[in-house]
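Q: Next comes the sequence, and after it the predicted model I'd like to discuss.
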Amino acid sequence: GSCFPKDVQALAKSGIEGGYEFKILKSVMKVNERQKTVMLKPILDHFNQSLTHTKIAIWGLAFKPDTDDIREAPALYMIEHLLEAGATITAYDPEAMENVKKQKNYPITYTTDAYEALRDADAVLICTEWGLFRNPDFEKISSLLKSKVIFDGRNLYELEKMEQLGYTYYSIGRNTVHAK
């Protein structure tokens, strides 16, 4: 969200004003910034560095579940990078879509249903851990996606289950599951 980066920056600024450079806070700020787009590299690698003619469905736009707050939301950073790389995007969030529409002028498609966002997408990217994304209908997901590829920025699913279901599954800090 927006508080952590703001607070860390304020601490770092106070240190500088007091004649002390908080190197660890600079590192924290860099890591926090990188985390917003940590799934970009696996997406680009999976699609051989080209997202032209690639449709990505995004589940979750808010910075955390149960809010419509989009300040510092990783999804917004991902949308900008994905669009820049040539992707087409469909998105769904139960609360935050109106805020994104009002505050950003993204050329993306918003859907009123999580599953509709998946229709004919090459992959789904999970950016917010809403409860409804935790136990989805994987058969329905399979029937809507062009290929069974999930980029999970919230580590919602068990690796073993993804392997059993035949998904290519990318998550953070864990092994990648490759569809067989």
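A: Yep, that arrived. Numbering: from 1, shown residues only.
Q: from here on, contacts and neighbour counts on C-alpha atoms
A: OK.
Q: Name every strand pairing with the helix or strand hosting residue 91 and say which way it goes.
A: For residue 91, the element it lies in under DSSP states H and E is strand 88-92. Partners of strand 88-92 in the sheet, by DSSP bridges, are strand 55-59 (parallel), strand 109-110 (parallel).
Q: I'd like the distance from the very next helix or strand once past that strand to the chain centre, please.
A: Following strand 88-92 in sequence order, the next helix or strand is helix 97-103 (DSSP H and E). Relative to the centre of its chain, helix 97-103 is centred 17 Å away, using CA atoms, centre = their mean, to the nearest Å.
Q: Need the contact partners of helix 97-103.
A: With contacts defined as CA atoms under 8 Å, 6 or more residues apart in numbering, helix 97-103 is touched by 61, 68-70, 110.
Q: Buried residues of that helix, list them for me.
A: By neighbour count on 16 or more other CA atoms under 10 Å, the buried set for helix 97-103 is 97, 100.
Q: okay, which residue is most central for the chain?
A: Per CA atoms, centre = their mean, the C-alpha nearest to the average position across the chain is that of residue 127, at 3.1 Å.
Q: which residues does that one contact?
A: Counted by CA under 8 Å, 6+ apart, residue 127 has contacts 58-61, 74-75, 152-154.
Q: Whichever of those end up buried, select them in PyMOL.
A: Burial among the contacts of residue 127 is assessed by 16+ other CA under 10 Å; the matching PyMOL selection reads:
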select buried, resi 58+59+60+61+74+75+152+153
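Q: Just flag the most distant two among the contacts of residue 127.
A: Spanning the widest gap among the contacts of residue 127 are 61 and 152, at 13.5 Å by CA to CA.
Q: Check the secondary structure at residue 121 for me.
A: Under DSSP: H, G, I helix; E, B strand; the rest coil, residue 121 falls in the coil class.
Q: Check residue 41 too.
A: Residue 41 is classified as helix under three-state DSSP.
Q: so where do the helices sit in this protein?
A: Counting by DSSP state H, one finds helices in the chain at the ranges 3-17, 23-35, 40-46, 74-84, 97-103, 131-134, 138-144, 159-165.
Q: count of neighbours near residue 138?
A: 13 (other CA atoms under 10 Å).
Q: Which residues are in contact with it?
A: Counting by CA under 8 Å, 6+ apart, residue 138 has contacts residue 165.
Q: Next: residue 175.
A: Here residue 175 is in contact with residue 159 (CA under 8 Å, 6+ apart).
Q: Kindly format the C-alpha coordinates of stretch 117-126 as PDB.
A: This file holds the C-alpha atoms of stretch 117-126, laid out as PDB (Å, rounded to 0.1, in the frame of the first residue of the first chain):
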ATOM      1  CA  ALA A 117     -11.600 -11.700 -17.800                       C
ATOM      2  CA  LEU A 118     -10.000 -15.000 -18.700                       C
ATOM      3  CA  ARG A 119     -11.900 -15.600 -22.000                       C
ATOM      4  CA  ASP A 120      -9.300 -16.200 -24.700                       C
ATOM      5  CA  ALA A 121      -6.400 -14.900 -22.600                       C
ATOM      6  CA  ASP A 122      -3.000 -16.500 -23.000                       C
ATOM      7  CA  ALA A 123      -2.400 -16.400 -19.200                       C
ATOM      8  CA  VAL A 124      -3.800 -15.000 -15.900                       C
ATOM      9  CA  LEU A 125      -1.800 -12.800 -13.600                       C
ATOM     10  CA  ILE A 126      -3.000 -12.600 -10.000                       C
END
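Q: Thank you, goodbye.
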